[in-house]
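Student: Okay, predicted coordinates and the sequence, questions at the end:
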Amino acid sequence: MAVRIFVAVVLLAASSLQAQEPSFGPVIDGFGPTYPISDRDVALEEGFVYQAVFDAVDNPDEKSLNTGLVSVARYLNMHARNGVAVKNMNVAVVAHGPALKALFSDEAYRTHYGIDNPNSELLQKLDDAGVSFYVCGQSMAFGGFEKKELIAPANVALSAMTMLTVLQSEGYALLR
């Protein structure tokens with residue numbers, strides 16, 4: 001009897017752990033893992049339009065995914081998984097400082113770092129999901145980079161500060 005109780009407890013714990021595994025998608029498959037939160041106290045308002053601007057300034061290293069871009073994928077995935085339509089998510093990324101290199105084309109990335117941009121696939125999926133990308137013109141000038149080095153959907157702004165001000169004045173919430 002004690003063995004059966006022990007086995008039942010182990011199976012229950014194992015199934016509980018399995019339920020806590022993160023999953024990918026449904027918007028950005030393969031990136032931005034999220035956990036289900038079934039016991040939350042705050043419901044998502046039906047029909048609410050989420051406007052978020054991600055302030056991307058950090059980049060771990062040249063061989064890794066940009067953690068800020070992964071957060072954008074996670075944001076899209078977790079909201080979509082919980083009933084928010086993609087059309088109700090207006091998401092922008094403002095890249096400056098070290099994060100600027102995450103928005104380089106593969107060709108430019110190879111020139112600067114000797115490898116393809118590890119963010120290329122993620123950037124394409126975010127672009128396909130309607131994410132807008134803005135790059136700090138000041139960071140580009142200080143780094144000696146040219147517009148032609150950027151991925152196609154990136155838009156050069158006067159500065160990150162300017163773009164963050166504009167987007168926030170349009171109702172976007174700033175997420176760091």
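Tutor: Thanks, I have the structure now.
Student: Now do the contacts for the residue most central in space within the chain.
Tutor: The residue lying closest to the centre of the chain (Cα atoms, centre = their mean) is Val72, at 1.9 Å. Contact partners of Val72, counting by Cβ atoms under 8 Å, 6 or more residues apart in numbering, are Gly32, Phe54, Val91, Val93, Leu126, Val131. Every residue, glycine included, has its C-beta placed from N, CA and C.
Student: And for Val94?
Tutor: Val94 sits next to Val53, Phe54, Asp55, Ala56, Tyr134, Val135, Cys136, Ala157, Ala160, Met163, Leu164, Leu167 when contact means Cβ under 8 Å, 6+ apart.
Student: My reading is that it is in a strand; is that accurate?
Tutor: Yes. According to DSSP: H, G, I helix; E, B strand; the rest coil, Val94 belongs to a strand.
Student: That one and Gly68: what is the separation?
Tutor: Val94 sits 10 Å away from Gly68, going by Cβ to Cβ, to the nearest Å.
Student: ditto for Gly47
Tutor: Counting by Cβ to Cβ, the separation of Gly47 from Gly68 is 28 Å.
Student: ok, those two, which is more surrounded?
Tutor: Gly68 (22 against 8; other Cβ atoms under 10 Å).
Student: mind listing what's buried in the one helix or strand the more buried one maps to?
Tutor: Taking DSSP states H and E as the definition, Gly68 sits inside helix 67-81. For helix 67-81, burial by neighbour count (16 or more other Cβ atoms under 10 Å) applies to 68-81.
Student: ok, the residue nearest to Gly32 when sequence neighbours are not counted - contacts?
Tutor: Leaving aside its sequence neighbours, Gly32 sits nearest to Ala73 (Cβ to Cβ, 6 or more residues apart in numbering; 2.7 Å). Neighbouring residues of Ala73 by Cβ under 8 Å, 6+ apart: Val27, Ile28, Phe31, Gly32, Leu122, Lys125, Leu126.
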